[in-house]
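**Student:** Give me coordinates for this.
(one chain, ligands or ions: 1)
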Amino acid sequence: MPDIVLTTLNAKYIHAAFGLRYLLANLGTLRPRAALAEFDINQRPLDIVEALLARNPKIIGFGVYIWNVGPTTEVLAAIRRLRPEIKIILGGPEVSYETESQAIIALADHVITGEADLKFAEVCRGLLDAGQAGAGDGLFPRIIHAGVPDMNGIVLPYDLYNDDDIAHRIVYVEASRGCPFTCEFCLSSLDIPVRQIPLPALLEHLQVLLARGLKQFKFVDRTFNLNGNVSRTILEFFLERYQPGHFYHFEMVPDRLPEALREVILKFPPGSLQFEVGIQTFNEQVGSLISRRQNHEKMADNFRFLRGSTGVHLHADLIIGLPGETQAGFGAGFDRLVGLDPQEIQVGILKRLRGTPIVRHDTEWQMIYNPHPPYEILQNKLIDFSAMQRLRRFTRYWDMIGNSGNFVETRPLVWGAGSPFAGFLRLSDWLHARTGRTDSIALVRLMGLLFDFLKDELSLDPRLAAEALWRDYQRGGRHDKPSFLKDFLPADDPGGLRNGKSSLPKRQARHLATAPPAQTKSLPQNSADLDHSALADGKTCALMPQPDRVME
Ligand code: SF4
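**Tutor:** Have a look, this model is predicted:
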């Protein structure tokens, strides 16, 4: 039985907890006395309590995040009552700030704030030694500040990804921590200074992961391309070892793509790279209010290069609800971004993350946030609650239709030659009036609704709409012609767009399948579709901390 259990509730099973593995890797002599126990937020809290207590630990370390703080509080409350002698240590971004006001913290013995890679081991050692010696409490304060660990002294955790993780889960890696920028809504703005993981050691571990069969790598660096030499070295490393099915995800600063980096990006097979780029707002006054600056000209040039000359899958982020941004201003930014043609546009609602300086605008811009996680904005001076609700629905329908890859050809028909924002908002209002919901709409039903909207509301030629929908449908590997389309499609339709196994329903693959033939020769094949609906919980260059980096 382990003396120490490291645990967290992941957003989904597929996300392997990165931070827990760092803590376990750095336990030193205590490592054999510790074990990982991962759960997800869909499991019942009491079942989790039962599983944890069955291990009979002396210490339990919990990774607490915005997506799990509710159920984790329930788990803790039960453990406190059932086994009060177990030492509870919390860590993670959700408990690293505003420690005085949180119910979950009242249930813990200790909270380690910041990056606890080394501090967790020190606290466990102290507590276990004190327990053996019969010493009482008081060894450590309740709130323990971890400080900034020296990256040269940290053991990398990659051997703690087991074969099951490698085969079935998203494996996270990092080449650096911290961000030099100061965007006020983002926790990473507090992560100063930027620190590199020693590159030779990292590459050695990446080599082992490749040899063990890992095909998809998700880098969690806040700004992967900040250090051009390091990012180029890592990209070249992967390029030299590229195998069909490999897929690499990076978060990039969108206005920084020097020629040396472009050269190596150009050599990657289409579909093998995914870049997530935070735009957040195109409004320079809003950018200035939230201390975020970016060069829009350079960014547009980089988008043109990436979309025009490479097969990189681009996922760009925008935020609704920033101080100073109107609905019309957001809409103009959305239209501008659609014009730059990333495959996906993730529209997020502003969240007030604990510890972030965005709160300084609360009074002037009348920012009212939901007090419950994920602390999304309910209204502000420029967008009232009902308008915000309307935009919230817009984001959900956009994700289903705009980002899913299921409607790549049909999507532009929604706005035609007009404003994409205005056109899609009209669809969003219509869908909500028709269905009264923004979730659990089956794909074929959504297709039918979209078909009705295009032909009845927009008076589009039904054949044109039906053919676009049918091609989109087949692109996902499906071939059962929906009955409502049959009258509008040629009876002898050969279903020529039907895709083989490699392009089955992976979102990135569906997007890629609309690219010119030269850009479609290689598709991601691993079952792990890098899912931004979950990753949206943890942006680097966007809305929130990483979902799986514990205790930072
Ligand atoms: S939004 Fe991106 S650039 Fe800004 S502080 Fe966060 S990680 Fe850094």
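
**Student:** Which positions in stretch 459-472 come out as buried?
**Tutor:** Within stretch 459-472, the residues that count as buried by 16 or more other Cβ atoms under 10 Å are 460, 462, 465, 466, 467, 468, 469, 470, 471, 472. Heads up, the C-betas are built off the backbone N, CA and C, glycines and all.

**Student:** Repeat that for stretch 220-229.
**Tutor:** 220, 221, 222, 223, 224, 225, 226, 227.

**Student:** SS state for the fourth one?
**Tutor:** By that I understand residue 223. coil (DSSP: H, G, I helix; E, B strand; the rest coil).

**Student:** what sits against it?
**Tutor:** 176, 179, 180, 181, 194, 251, 252, 253, 540, 541 (Cβ atoms under 8 Å, 6 or more residues apart in numbering).

**Student:** how close does the spatially closest residue to residue 153 that is not a sequence neighbour get to the ligand?
**Tutor:** The shortest distance from residue 153 to any non-neighbouring residue, by Cβ to Cβ, 6 or more residues apart in numbering, is to residue 118 (7.0 Å). To the ligand, residue 118 is 24 Å away according to Cβ to the nearest ligand atom, to the nearest Å.

**Student:** my guess is residue 118 meets residue 27, correct?
**Tutor:** No. Assessed by Cβ atoms under 8 Å, residue 118 is found out of contact with residue 27, at 9.7 Å.

**Student:** Just want to check the distance between the residue nearest to residue 153 and residue 389.
**Tutor:** 45 Å (Cβ to Cβ, to the nearest Å).

**Student:** Of the buried residues of stretch 220-229, which is the nearest to residue 358?
**Tutor:** residue 222 (17.0 Å; Cβ to Cβ).

**Student:** What does that closest one show for phi and psi?
**Tutor:** Residue 222 adopts backbone torsions of phi -60, psi -40, taken as degrees, to the nearest 10.

**Student:** For the nearest residue to residue 234 once chain neighbours are set aside, give me its contacts.
**Tutor:** Distances taken as Cβ to Cβ, 6+ apart place residue 175 nearest to residue 234, at 6.0 Å, with adjacent residues excluded. When contacts are counted by Cβ under 8 Å, 6+ apart, residue 175 touches 196, 197, 199, 202, 219, 221, 224, 230, 231, 234.

**Student:** next one: residue 410
**Tutor:** By Cβ under 8 Å, 6+ apart, the neighbours of residue 410 are 401, 450, 454, 465, 468, 469, 472.

**Student:** got a pLDDT number for it?
**Tutor:** pLDDT for residue 410: 98.

**Student:** Kindly provide the distance from it to residue 221.
**Tutor:** 35 Å.

**Student:** what's the answer for residue 278, then?
**Tutor:** Taken as Cβ to Cβ, the span from residue 278 to residue 221 is 13 Å.

**Student:** And residue 112, by the same measure?
**Tutor:** 23 Å.

**Student:** Same question for residue 70.
**Tutor:** 29 Å.

**Student:** again with residue 439
**Tutor:** For residue 439, the distance to residue 221 - Cβ to Cβ - is 32 Å.

**Student:** Most neighbours among the contacts of residue 175, which one?
**Tutor:** residue 221 (28 neighbours; other Cβ atoms under 10 Å).

**Student:** Number of residues surrounding the spatially closest residue to it that is not a sequence neighbour?
**Tutor:** Residue nearest to residue 221 in three dimensions, not counting chain neighbours: residue 176, with 4.8 Å by Cβ to Cβ, 6+ apart. Look at residue 176: counted by other Cβ under 10 Å, it has 22 neighbours.

**Student:** Over to residue 176: give its phi and psi.
**Tutor:** Phi and psi for residue 176, reported as degrees, to the nearest 10, are phi -160, psi 160.

**Student:** now the one 4 residues further on
**Tutor:** With angles defined as degrees, to the nearest 10, residue 180 sits at phi -80, psi -10.

**Student:** Now for the nearest residue to it once chain neighbours are set aside: which residues touch it?
**Tutor:** Closest residue in space to residue 180, ignoring its immediate chain neighbours: residue 194 at 5.5 Å, by Cβ to Cβ, 6+ apart. By Cβ under 8 Å, 6+ apart, the contact set of residue 194 is 176, 177, 178, 179, 180, 222, 223, 226.

**Student:** again, only using 6 Å
**Tutor:** 176, 178, 180 (Cβ atoms under 6 Å, 6 or more residues apart in numbering).

**Student:** Please dump these into a markdown table; it should also carry distance to the ligand for every row.
**Tutor:** Shown next, in a markdown table, are the contacts of residue 194 (distance: Cβ to the nearest ligand atom, whole Å):
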| residue | distance to the ligand |
| --- | --- |
| 176 | 11 |
| 178 | 9 |
| 180 | 7 |
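
**Student:** The residue nearest to residue 153 contacts residue 150, doesn't it?
**Tutor:** No. Using Cβ atoms under 6 Å, residue 118 makes no contact with residue 150, being 8.5 Å away.

**Student:** For those two, indicate the residue with more neighbours.
**Tutor:** Relative neighbour count places residue 118 above the other of residue 118 and residue 150, with 19 against 10, counting by other Cβ under 10 Å.

**Student:** Over to that one: give its phi and psi.
**Tutor:** phi -100, psi -30.

**Student:** cool, and residue 318?
**Tutor:** phi -130, psi 160.

**Student:** what does this protein put close to the ligand?
**Tutor:** Proximity of the chain to the ligand is confined to 179, 181, 183, 186, 188, 189, 222, 223, 278, 292, 540, 541 under the rule Cβ under 6 Å from any ligand atom.

**Student:** for this protein, what's the longest helix?
**Tutor:** The residue-count maximum for a helix in the chain (DSSP state H) belongs to helix 420-435.

**Student:** So for the residue of the stretch 301-450 of the chain found nearest the ligand, what's the pLDDT?
**Tutor:** Residue of the stretch 301-450 of the chain nearest the ligand, by Cβ to the nearest ligand atom: residue 317 (8.7 Å). Residue 317 carries a pLDDT value of 97.

**Student:** Provide the secondary structure category for residue 248.
**Tutor:** strand.

**Student:** which residues does it contact?
**Tutor:** Residue 248 touches 217, 238, 273, counting by Cβ under 6 Å, 6+ apart.

**Student:** before we move on, what SS does the closest residue to the ligand within the stretch 251-400 of the chain have?
**Tutor:** Across the stretch 251-400 of the chain, no residue is closer to the ligand than residue 278, which sits at 5.0 Å (Cβ to the nearest ligand atom). Following three-state DSSP, we place residue 278 in the strand state.

**Student:** I'd like the distance between it and residue 78.
**Tutor:** For residue 278 relative to residue 78 (Cβ to Cβ), the value is 39 Å.

**Student:** Which one's more surrounded, the two?
**Tutor:** Between residue 278 and residue 78, counting by other Cβ under 10 Å, residue 278 is the more crowded of the two (28 against 18).

**Student:** Residue 315 is in contact with that one, correct?
**Tutor:** No. In this structure residue 278 lies outside contact range of residue 315 using Cβ under 6 Å: 9.9 Å.
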